[in-house]
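Engineer: Sequence first, predicted coordinates after that:
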Amino acid sequence: MRDRKILFVTGAASGIGREVARYFCERGWFAGLTDVNEAGLAETAAMIGEENCWTHPLDVTDRDAWTRVIEAFSQRTEGRMHLLFNNAGIGQGGRFEEMDPADIDKLVAINFTGVMNGTQAAFDLLKASPGACILNTSSASGIYGSAGLSVYSATKFAVRGLTEAWDIEFASHNIRVRSLMPGFIDTGILSAVGEDSNQTGKERLQAAGIEVSPVSMIGPAAWDAVHGNAVHTPVNKMARQLMFAARFFPGRVRKRMGLLNGLDEAAED
């Protein structure tokens, strides 16, 4: 174990978390895999190989659970963690005035507070591991506010802000902080069929001419983010274009977002 680098992944039961764990383990890392979905965790572990990972159920909103899980993981890795991947998140959209307050609270608790919980719980392990890094999953929705996804977008803006602040704040501990900012990625979040449509989220996006990228591009992007100097890594062409346009042509971005929201409304009516 001493000759291997260690990563800890939340939301590892599927999608982005699973793909990053798989990619890093193929390159010799050992992964701690956590999620509320224990069946999905078992599938990820089987894919990676039991000798390359450690699994444990974890609700990222539960601070006490974080303490217990990190303590158990520390014993397995001799007190080391070179990468904390704060990835667990959920997607929830809709017009803000129609959203259930409980759904709003859940979005904030998982997508934002969960990132802070994980970083506090793992901080001592990261400090004890030379060259450590925290990688947070933000989103292209954290580049410019997304109508119809306002609360989700706000949580991803918050993660972006934490990333920028922590990269400065934690430098004295030799801990780098980075974020992934993917556009739409072909994961389970896009597989659901809408209440008022027989199309999946992926099909609706593609029908509107919006790029949906394969999850396989996430592993290399995460690797580059962890080993590179950029604080934020946009993932796929859409995210890169949005980052550029939001900086230099914000009026165009606002107009484009309005058109997309109109398409969403038309699809829902």
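Structural biologist: Nice, I can see it. Numbering: from 1, shown residues only.
Engineer: Report the secondary structure state of Ser129.
Structural biologist: coil (DSSP: H, G, I helix; E, B strand; the rest coil).
Engineer: Now do it, the pLDDT please.
Structural biologist: Reported pLDDT at Ser129 in the predicted model: 97.
Engineer: What distance do you get for it to Ser179?
Structural biologist: To Ser179, Ser129 is 20 Å away according to C-beta to C-beta, to the nearest Å. (Each C-beta comes from the backbone N, C-alpha and C, glycine too.)
Engineer: Which of those two has more residues huddled nearby?
Structural biologist: Using other C-beta atoms under 10 Å as the criterion, Ser129 and Ser179 rank with Ser179 on top: 28 against 21.
Engineer: Who are the contact partners of the more buried one?
Structural biologist: By C-beta atoms under 8 Å, 6 or more residues apart in numbering, the contact set of Ser179 is Leu135, Asn136, Thr137, Ser138, Gly142, Val159, Arg160, Thr163, Ala225, Val231, His232, Thr233.
Engineer: again, but for Ile70
Structural biologist: Ala121, Ala122, Leu125.
Engineer: tell me the SS of it?
Structural biologist: Going by three-state DSSP: Ile70 is helix.
Engineer: Please renumber the chain so that the first residue is 5 from this point on.
Structural biologist: That works, and once the first residue is 5, the last one we named lands at Ile74.
Engineer: Make sure Tyr156 is actually in contact with Ile108.
Structural biologist: No. Using C-beta atoms under 8 Å, Tyr156 is not in contact with Ile108; the gap is 9.9 Å.
Engineer: Show me where this protein has its helices.
Structural biologist: Using DSSP state H, the helices of the chain run over residues 19-30, 42-52, 67-81, 105-112, 118-131, 154-173, 205-211, 222-231, 241-252, 254-272.
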